[in-house]
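Engineer: Fold the following for me, if possible:
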Amino acid sequence: MLTATTRCETPNAGKYLQQLCKHFVHKVDVAYNDGHGQCRFSCGTATMNAGLEGLDIVVEAADTGALTETKVIESHLVRFAFRENLQPLAWRD
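Structural biologist: Now for the predicted structure:
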């Protein structure tokens, strides 16, 4: 299993975690509660943890292509956080 991690510095991490999970719940298997969420895509899994200063995201997938596809979580986060003018996230594989 391949893994990549990133952190989005934002005071609205909990809000974005909830928005992402609610958005994807209609399409994939999602579980979330206060401060933690997980979206299980067909290509891989995105796990999110919200803190006071940021949103930590870990994506896991079977191969490089699937890992890249699972990072779709980033484009949705950037769209939801448009008021913050987020820059592309720095992923660590």
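Engineer: didn't Gly14 look like it was pressed against Asn33?
Structural biologist: No: in this structure, Gly14 is not within contact of Asn33 by CB atoms under 8 Å, at 10.8 Å. C-beta: built from backbone N, CA, C; applies to glycine.
Engineer: Could I get the full set of helices for this protein?
Structural biologist: Ranges of helices in the chain, per DSSP state H, are 13-24, 64-70, 72-80.
Engineer: Show me what the mean pLDDT comes to for the first one.
Structural biologist: This predicted structure assigns helix 13-24 an average pLDDT of 96.
Engineer: Can you list the neighbours in contact with it?
Structural biologist: Outside of helix 13-24, the residues within contact range by CB atoms under 8 Å, 6 or more residues apart in numbering are 8, 10, 30, 32, 34-37, 39, 41, 48-55, 73, 76-77, 80-81.
Engineer: The second one too?
Structural biologist: The list of residues contacting helix 64-70 from outside it, by CB under 8 Å, 6+ apart, reads Leu2, Thr3, Ala4, Phe41, Cys43, Gly44, Thr45, Ala46, Val59, Glu60, Ala61, Asp93.
Engineer: Thank you kindly, that will do.
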